[in-house]
Structure formats: structure tokens, C-alpha cells
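# predicted model and sequence below, questions to follow.
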Amino acid sequence: MSYREYSYYNYKGYSQIATQGIDTSKLSFEEIKKLWLKTLEDGFHGICFSMYEDGQTPGDDISFEQVERRVKILKPYVKAIRSFSCIEGNEHVPVAAKKHGLRTLVGAWLGDDKEDNEKEIEGLIALAKAGHVDVAAVGNEVLYRNDLSLEELLGYIKRVKDELKGLNIPVGYVDAYYEFSRHPELVEHTDILLANLYPFWEGCPIEYALGHMQAMYGQVVDAAQGKPIIITETGWPSQGGGFKGAVAGDIAAMKYFIDAINWTNANDIPIFYFSSFDESWKTGDEGDVGAYWGLWDKHENLKYN
């Protein structure tokens with residue numbers, strides 16, 4: 001695979017390399033599939049880890065064996081894996097990833113349950129001190145969901161930064177791209193900006209999605225004050241309906257993946273694509289599309305090969 005050596009620690013600037021999306025109207029379905037598979041096999045920076053098999057949901061305790069099996073599936077294609085939690089088996093993700101030579105972005109899931117938050121924060125600190133964490137993410141879309149106040153969130157971030165002092169592990173917080181413009185305190189109190197970019201959830205038609213994602217990223221660059229940035233989530237569902245002008249579908253999902261990876265490779269931007277495997281439990285808040293964001297289906301088979 002043609003990997004670059006990425007650094008999470010040094011801001012390299014944002015180069016305006018023009019990257020045009022592919023024109024799917026000029027390609028057959030089979031040609032798009034081949035291009036999608038080649039993009040995957042050429043390798044890309046990172047992927048968001050999907051924990052749950054069919055019938056499993058958050059709250060179930062997942063075994064190390066299940067996690068490692070899925071890590072092995074992903075290993076040939078990526079250099080890094082992102083996890084979302086540090087309890088209920090999620091703590092196995094960075095351990096398995098490191099075992100197989102992958103880098104890790106490890107998240108503590110924070111919500112309105114202070115007892116669970118305590119377990120998550122302690123879990124993140126323990127994993128980091130054990131050498132399993134390359135980047136620590138304190139919370140995911142907490143402000144977007146209004147689960148904690150900004151002050152509460154900053155308190156958790158400060159606590160993790162204090163505990164990890166001297167370990168050379170950047171500490172950040174994951175949220176929608178615009179939250180860093182709305183809350184400059186997030187930039188001030190973190191080492192790195194971890195931004196989710198979803199043209200789909202802003203109702204953007206697939207034809208304009210790459211340009212819209214580039215604009216989203218530009219807004220994070222403007223907010224970052226020279227600090228490094230990782231795209232922690234972006235993706236497109238392969239089925240399940242749509243949202244305003246954004247419509248799920250096989251061709252759209254393949255085009256978005258190809259365009260996103262080509263653009264981030266050209267501009268040397270670390271990305272964690274969302275997501276690895278389809279997960280049936282995710283239909284709750286997101287509707288039917290929630291179950292179809294994976295590059296692999298729920299049976300762990302590549303969707304297009």
C-alpha cells in the first residue's frame with residue numbers, strides 16, 4: 001500500500017490542491033466498483049471501528065476475540081483505527097490495534113451519566129498510560145447533543161491532559177466541524193482538533209458533497225489557530241433513504257469514498273472514514289440509513305468487490 005508517514009503532532013498547513021470528484025455518469029457500475037476497490041486496496045489513513053455484530057447493541061460486553069477478528073480484517077487497508085469508548089469491550093480495540101501494528105485514536109464516550117463518564121475517563125487514562133493510545137479524544141459530539149455544558153466538558157479535558165502530561169499524547173475533543181468556530185475555548189484547551197464532516201447530514205446532493213466537505217474542513221482550519229486537525233468522521237450510507245438532497249445508494253457511497261480518500265491523500269490530511277462494518281442497531285436515532293455506513297456489510301464482507 002502507498003502510505004505516507006503521518007504526524008499527529010506537527011501542523012503541516014493546508015495546501016489547496018485541487019481535487020475533482022469522479023464523474024460517475026461516465027462510468028459503468030462495474031467500473032465504479034473497480035475504482036472503489038482500488039482506492040480501498042491502495043490504503044488510507046484510518047477507519048472508525050464498528051464493534052457490534054447483528055443482534056448486539058451498546059451495553060453488551062464484547063470479547064477481545066471478536067474485536068481482534070475485525071481488526072485483522074481492517075489491517076491490510078488502514079494505518080490507524082478509531083474507537084469511541086473505553087468500557088464494555090471497547091477497551092479491547094486499541095489493545096488489538098496496537099498488537100497488529102496500527103495507530104490509535106481512542107475516545108472516551110461522555111454523556112449525561114456522570115458515573116459512566118468516570119469509568120470512561122479512567123479507562124482512557126489507563127489505556128494511555130499502558131501505551132495503547134496515540135491520540136486521546138475526550139468526548140464525542142457532547143456539545144452537539146447538549147449532554148454536558150462547555151465548562152463540564154473542559155473540566156474532563158483538563159483532567160485527561162494533566163494525567164497524560166509528559167507522555168507526548170495529544171488530547172482533543174470530537175465534534176461537528178462548526179463547534180470549534182462557535183467555541184474557541186475548545187481550540188484553546190486542546191492539542192488537536194478532531195472534526196466530523198458530514199455533507200450527507202446537511203442534505204447536500206452527492207454531486208456537490210466533495211466541495212461541501214472541503215468547505216467544512218476550511219472552516220476548521222480557520223478555527224484551528226495553527227493546531228493540527230484530524231477528520232474523525234465522514235462517510236455516506238449505501239442504502240436506507242435520504243436526508244433532504246442527500247440520498248443513500250451504492251453509487252453515491254462508492255463515489256463519496258473515492259472522492260474523500262483521493263482528496264485527503266492529495267492534501268496529506270489524516271482521516272478516519274466512517275465506518276468499517278454495517279451495524280443494525282444504529283437505526284434508532286438515524287433512521288434506516290444508520291445501519292448502512294460500512295465499507296463492509298454486517299456479515300463482514302466487502303460491499304463492492
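Yes, it's here.

# tell me where the protein has helices.
Taking DSSP state H, the helices of the chain run over residues 29-42, 64-74, 92-99, 114-129, 142-145, 150-163, 179-182, 184-188, 206-223, 250-266, 283-286.

# buried residues, the last one. List them.
Think helix 283-286. Within helix 283-286, the residues that count as buried by 16 or more other CB atoms under 10 Å are residue 286. Using the backbone N, CA and C atoms, a C-beta is placed for each residue, glycine as well.

# do the same with the longest one
By neighbour count on 16+ other CB under 10 Å, the buried set for helix 206-223 is 206, 209, 210, 211, 212, 213, 214, 216, 217, 220, 221, 223.

# cool, and stretch 240-254?
240, 242, 243, 246, 247, 248, 249, 250, 251, 252, 253, 254.

# show me what contacts the residue nearest to the second one when sequence neighbours are not counted?
Setting aside the residues directly before and after it, residue 242 is nearest to residue 248 in space (CB to CB, 6 or more residues apart in numbering), at 5.8 Å. By CB atoms under 8 Å, 6 or more residues apart in numbering, the contact list for residue 248 reads 200, 236, 237, 238, 239, 240, 241, 242, 289, 292.

# of these, grab the buried ones for PyMOL.
Remark: buried members of the contacts of residue 248, expressed as a PyMOL selection using 16+ other CB under 10 Å:
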select buried, resi 200+236+237+238+239+240+242+289+292
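
# pLDDT and distance to residue 108 added to the contacts of residue 248, as CSV?
Conversion of the contacts of residue 248 to CSV gives the following (pLDDT from 0 to 100; distance: CB to CB, whole Å):
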residue, pLDDT, distance to residue 108
200, 97, 26
236, 98, 27
237, 98, 26
238, 98, 30
239, 97, 32
240, 95, 29
241, 95, 32
242, 94, 33
289, 95, 27
292, 97, 27
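
# and the contacts of residue 248, which is closest to residue 55?
residue 292 (16.9 Å; CB to CB).

# correct me if wrong: residue 259 contacts residue 32.
No - the pair residue 259 / residue 32 is not scored as a contact, 11.6 Å apart, by CB atoms under 8 Å.

# if I look at those two, which residues touch both of them?
With CB under 8 Å, 6+ apart, residue 259 and residue 32 have common neighbours residue 22.

# neighbour count for these two, which is higher?
residue 259 (22 against 18; other CB atoms under 10 Å).

# now do the same contact list for that one.
19, 21, 22, 209, 210.

# max pairwise distance over those: which two?
Maximum distance among the contacts of residue 259 (CB to CB): 12.7 Å, for 19 and 209.

# returning to what we had before: now the contacts of residue 248 in CSV, with distance to residue 105?
Below are the contacts of residue 248 laid out as CSV (distance: CB to CB, whole Å):
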residue, distance to residue 105
200, 22
236, 21
237, 22
238, 24
239, 28
240, 26
241, 30
242, 29
289, 24
292, 23
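
# closest to residue 50 out of the contacts of residue 248?
residue 292 (11.6 Å).

# okay, that closest one and residue 62: tell me how far apart.
Per CB to CB, to the nearest Å, residue 292 is found 21 Å from residue 62.

# swap in residue 160?
24 Å.

# give me the more crowded residue out of these two.
Neighbour comparison, residue 160 and residue 62: the larger count goes to residue 160, with 22 against 19 (by other CB under 10 Å).

# residue 136 is in contact with that one, correct?
Yes - between residue 160 and residue 136 there is a contact at 5.9 Å, judged by CB under 8 Å.

# what touches both of the two?
108, 124, 171.

# coming back round to it: okay if I get the buried residues of helix 206-223 as CSV plus pLDDT?
Shown next, in CSV, are the buried residues of helix 206-223 (pLDDT from 0 to 100):
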residue, pLDDT
206, 96
209, 96
210, 96
211, 94
212, 94
213, 96
214, 94
216, 95
217, 96
220, 97
221, 95
223, 97
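
# thought residue 85 was touching residue 108, still the case?
Yes - between residue 108 and residue 85 there is a contact at 7.1 Å, judged by CB under 8 Å.

# having no further points to raise, I will conclude here.
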